[in-house]
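Trainee: When you get a sec, could you give me coordinates for this:
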Amino acid sequence: MSNYGNLQKIKNGKRTYGITPHIPGGFVLPETLIKIAQVAKKYNGVIKLTSGQRILITNLKEEDLETIWQELGMEPAVKNQYSVKNVEMCPANFCKRSKYPTIGIGTKISKNFHGMLLPNRTKIGVAGCRNACTSVYSKDIGVLVDIDGKFFITAGGSAGFYPRQSDIITKGLSEQEAYNLVEVILNYYNEHGQMGEKLGDFIDRITIDTFRKDVLQISNLKECL
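Mentor: Numbering: from 1, shown residues only. From the prediction side, this is the model:
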């Protein structure tokens, strides 16, 4: 990786790169979107809307990457692969199905934990109802709202090479309790997980019962499933 650009393709000896600016929760101001398009056009880039609520600009030359980042004036979405890569959010505040306006807690989680170094890449999903838009149940950590308007937290999901459905850690939480539990889970995983071990694999190694008991005890929360 050079200047936070990933090698995308080698064709006829020519290398092209892609970059991904950080767009928290996929919410972007019109003027920022216009700037991204203008910069991409200037450097013959191709724009791809990713499944992670981000914008990839690909087909770029390596020698242009530093200048492109300067012109964008944005931070890279990922600086270290072994970190909280992104926090995906549904449009709860604008959705008729939402049971709670979860953009606030999602933004807070993104602001405080995006880029946090961990044993392996980690994705967090936030949804305002059990429909779990943004595939929250397949995320390493999920923050969801039940039909009663209370939060519940899931952990260990993965949609990667070895798919794993997440486990529910506990239900009936307030927004603050849900946020605190996410923080505890990240710190617990950081302290006890092995380097290169996904959160789901870590949970399987120590058992879900041990994981749930420990993180709830640290959080001063009761198990409610």
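Trainee: Report the rounded mean pLDDT for the longest helix seen in the chain.
Mentor: If you go by DSSP state H, the chain has its longest helix at helix 175-192. On average, the pLDDT along helix 175-192 is 98.
Trainee: Only the buried residues of whichever helix or strand comes after it, if you could.
Mentor: Next in sequence after helix 175-192, counting helices and strands by DSSP states H and E, comes helix 199-206. Residues of helix 199-206 classed as buried under the neighbour-count rule (16 or more other C-beta atoms under 10 Å) are 199-203. All C-beta atoms are positioned from the backbone trio N, CA, C, and that covers glycine.
Trainee: need these in CSV with distance to residue 90 and pLDDT, can you?
Mentor: Output for the buried residues of helix 199-206, formatted as CSV (distance: C-beta to C-beta, whole Å; pLDDT from 0 to 100):
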residue, distance to residue 90, pLDDT
199, 21, 98
200, 22, 97
201, 27, 97
202, 26, 98
203, 24, 98
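Trainee: burial of the closest residue to residue 6 other than its chain neighbours, as a residue count?
Mentor: The shortest distance from residue 6 to any non-neighbouring residue, by C-beta to C-beta, 6 or more residues apart in numbering, is to residue 18 (5.3 Å). Look at residue 18: counted by other C-beta atoms under 10 Å, it has 18 neighbours.
Trainee: What's the separation between residue 18 and residue 76?
Mentor: 11 Å (C-beta to C-beta, to the nearest Å).
Trainee: Show the contacting residues for residue 169.
Mentor: Shown in contact with residue 169 (C-beta atoms under 8 Å, 6 or more residues apart in numbering): 152-155, 181, 185, 211-212, 215-216.
Trainee: Can you give the domain ranges for this protein?
Mentor: 6-72, 84-219 (automatic domain parsing).
Trainee: any idea which of those is most buried?
Mentor: domain 84-219 (a mean of 19; mean count of other C-beta atoms under 10 Å).
Trainee: Start and end of that domain, how far apart?
Mentor: 21 Å (C-alpha to C-alpha, to the nearest Å).
Trainee: Distance from it to the middle of the chain?
Mentor: 10 Å (C-alpha atoms, centre = their mean, to the nearest Å).
Trainee: Please apply the same query to stretch 214-225.
Mentor: Relative to the chain's own centre, stretch 214-225 is displaced by 23 Å; criterion: C-alpha atoms, centre = their mean.
Trainee: Next, the contact list for the residue nearest to residue 21 when sequence neighbours are not counted, please.
Mentor: Counting by C-beta to C-beta, 6+ apart, residue 74 is the residue found nearest to residue 21 once chain neighbours are left out, at 4.0 Å. With contact set as C-beta under 8 Å, 6+ apart, residue 74 has these partners: 21-22, 32.
Trainee: ok, those residues vs residue 125, which is closest?
Mentor: residue 22 (16.8 Å; C-beta to C-beta).
Trainee: Could I get the full set of helices for this protein?
Mentor: 30-42, 65-72, 103-113, 175-192, 199-206, 208-219.
Trainee: Could you tell me the angle between the second one and helix 30-42?
Mentor: In this case it means helix 65-72. 150 degrees (axes from the mean of the first three to the mean of the last three C-alpha atoms, to 10 degrees).
Trainee: State the distance from residue 183 to residue 111.
Mentor: 12 Å.
Trainee: How about residue 51?
Mentor: As judged by C-beta to C-beta, residue 51 and residue 111 stand 22 Å apart.
Trainee: cool, residue 182 as well?
Mentor: From residue 182 to residue 111 the distance is 13 Å (C-beta to C-beta).
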